[in-house]
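Colleague: here is the input, now give the coordinates:
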Amino acid sequence: MKQTKAIIWGLAVIALGVIFGGNALGIFDIDIFFKGWWTLFIIVPSVISLFTEKEWINSLAFIGIGVILLLAANDVFSWDVAWKVILAVFLIAMGLSLLCKSIFHSKYDAEVHEKIEKLKKDGKSDSQVAIFSGSERVYNKEEFIGDDIVAVFGGAELDISKAVIKKDVCVKAFCLFGGADIIVPADVQVKSKSGFVFGGISDDRKSKAEKSKNTIYIEAAGGFGGVTIRDSKDKKEKLD
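Modeller: Residues are numbered from 1 along each chain as shown. Next comes the predicted model:
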């Protein structure tokens, strides 16, 4: 998925370079700074997300919002009408997202939810808060018993790639206009459940354990945010 997104962005950047080069050499004359050109910063990433992310309703909603703003910028209708239509699109997308999560509630989600509820009853977990800020927690050969993450207009990172995991554990994350990165061991199975509106969980691990003695259960919810599950290899590459 990440590779597909990189390819699409690469092609988009190449196309932009060709346009600039062609205009400079007089081969063609394409004006990319047309009326409302700035809406492309909403439309293009949303179109890419439509083909590379699971949350297709969110992508369609933002494509619709971008197109509405583009039409308003070109005086097809007034800005007053545009904002009302955008609100309608936002509410419809939110409703569809909630309906889809409810109707297509899978057996897998039910299994994860049941296990998470059971783990919650133990009441043992650490906590991590990032509000208008960043937060990082690293477990280095320490026992990990679970974590509650709150990220509001901020970012949190939980690194348990070198943690000691003696039993099934639960990570709960709430992200509102924020995000959380969870770095997990390569040899431990991960199961997740998402309750996001305009957001979701992205599993970017290069290798995933099919079976393991213990399991990490991740429950994430919120809006306009997301959780990314990564492995230690991915973190090392970012540091390099």
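Colleague: so what's Val171 bridging to?
Modeller: Asp147, Ile218 (DSSP bridges).
Colleague: that one: neighbour count?
Modeller: 28 (other CB atoms under 10 Å). All C-beta spots, glycine's among them, are computed from the backbone N, C-alpha and C.
Colleague: next one: the one 5 residues further on
Modeller: Burial measure for Leu176: 17 neighbouring residues, criterion other CB under 10 Å.
Colleague: report the contact partners of it.
Modeller: Leu176 makes contact with 151-153, 222-225, according to CB atoms under 8 Å, 6 or more residues apart in numbering.
Colleague: got it, and Gly222?
Modeller: 151, 173-176, 178, 195-197, 199 are the contacts of Gly222 under CB under 8 Å, 6+ apart.
Colleague: that one belongs to a helix, doesn't it?
Modeller: No. Counting by DSSP: H, G, I helix; E, B strand; the rest coil, Gly222 falls outside a helix, being strand.
Colleague: what about it, distance to Ala151?
Modeller: 8 Å (CB to CB, to the nearest Å).
Colleague: can you tell me which of the contacts of Leu176 is nearest Phe33?
Modeller: Of all the contacts of Leu176, Phe33 sits closest to Phe224, with 28.8 Å by CB to CB.
Colleague: the closest one: neighbour count?
Modeller: Phe224: 15 neighbours (other CB under 10 Å).
Colleague: can you list the domain ranges for the protein.
Modeller: Split into domains by automatic domain parsing, the chain comes to 2-103, 107-239.
Colleague: low-confidence stretches in the protein?
Modeller: By pLDDT under 70, the weakly predicted segments of the chain are 1-9, 52-55, 98, 100-110, 113, 120-124, 233-240.
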